[in-house]
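Chemist: Got a sequence here, can you build the structure:
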Amino acid sequence: MRDRFPPRDRWSALGLAGIATTAVGLSVAAPVGLFAGAALCATWFLTRFGAVAFGAVLAGALVPGTVPPGPSGVLVILGLAGALAGELRDAAAPAEALVAFGALALVAAGVPTLAAQFPLWQTASGTAVVVAIVAYALYRYELVRLRLVEVDA
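Modeler: Residues are numbered from 1 along each chain as shown. Next up, the predicted model:
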């Protein structure tokens with residue numbers, strides 16, 4: 001059944017269930033979460049991995065940062081992980097999707113723990129610095145891999 005649909009029209013049942021679980025978790029987390037969940041579902045129809053990133057941003061804004069996370073936090077984290085795992089199956093580049101899955105797991109485990117031990121501004125600043133360094137490293141790696149720059153040994 002999977003091969004009957006063209007690659008762009010494939011629907012991942014696990015991905016859709018993950019996005020729906022995330023939307024339910026967002027609606028439990030805050031009154032505005034219902035609208036955020038609807039926006040997340042609409043984003044999933046446009047771009048799968050973009051919806052996972054958008055869901056992570058919404059989770060950071062709407063889900064209370066407690067350690068351990070409450071029911072809404074667990075629903076959101078499991079939903080995002082399920083959505084990303086569902087897209088690993090149909091991804092044109094599963095290695096990049098696997099890296100995104102690992103990054104989601106690290107952020108889901110690390111940021112709430114750091115937020116419980118340090119002030120929020122330190123946690124946010126540290127996370128932003130780490131993300132910026134990793135993003136630049138990946139950018140440079142791609143330039144070298146595509147041979148757009150020379151490698152000095």
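Chemist: mind checking which helix or strand of the chain has the lowest mean pLDDT?
Modeler: Ranking every helix and strand in the chain by mean pLDDT, DSSP states H and E puts helix 94-117 at the bottom, with a mean of 73.
Chemist: who does it touch, helix- and strand-wise?
Modeler: Judged by 3 or more C-beta pairs under 8 Å, 6 or more residues apart in numbering; DSSP states H and E, helix 94-117 is in contact with helix 48-62, helix 71-90, helix 120-145. Where you see a C-beta, it was placed from the backbone N, CA and C, and this is true even at glycine.
Chemist: between the last one and helix 48-62, how many degrees?
Modeler: Pointing back at helix 120-145 there. Helix 120-145 and helix 48-62 meet at an angle of 160 degrees, taking axes from the mean of the first three to the mean of the last three C-alpha atoms, to 10 degrees as the criterion.
Chemist: helices or strands next to helix 120-145 in the packing?
Modeler: helix 94-117.
Chemist: Check the offset of the helix it packs on from the chain's centre.
Modeler: Helix 94-117 has its C-alpha centroid displaced from the chain centroid by 8 Å (C-alpha atoms, centre = their mean, to the nearest Å).
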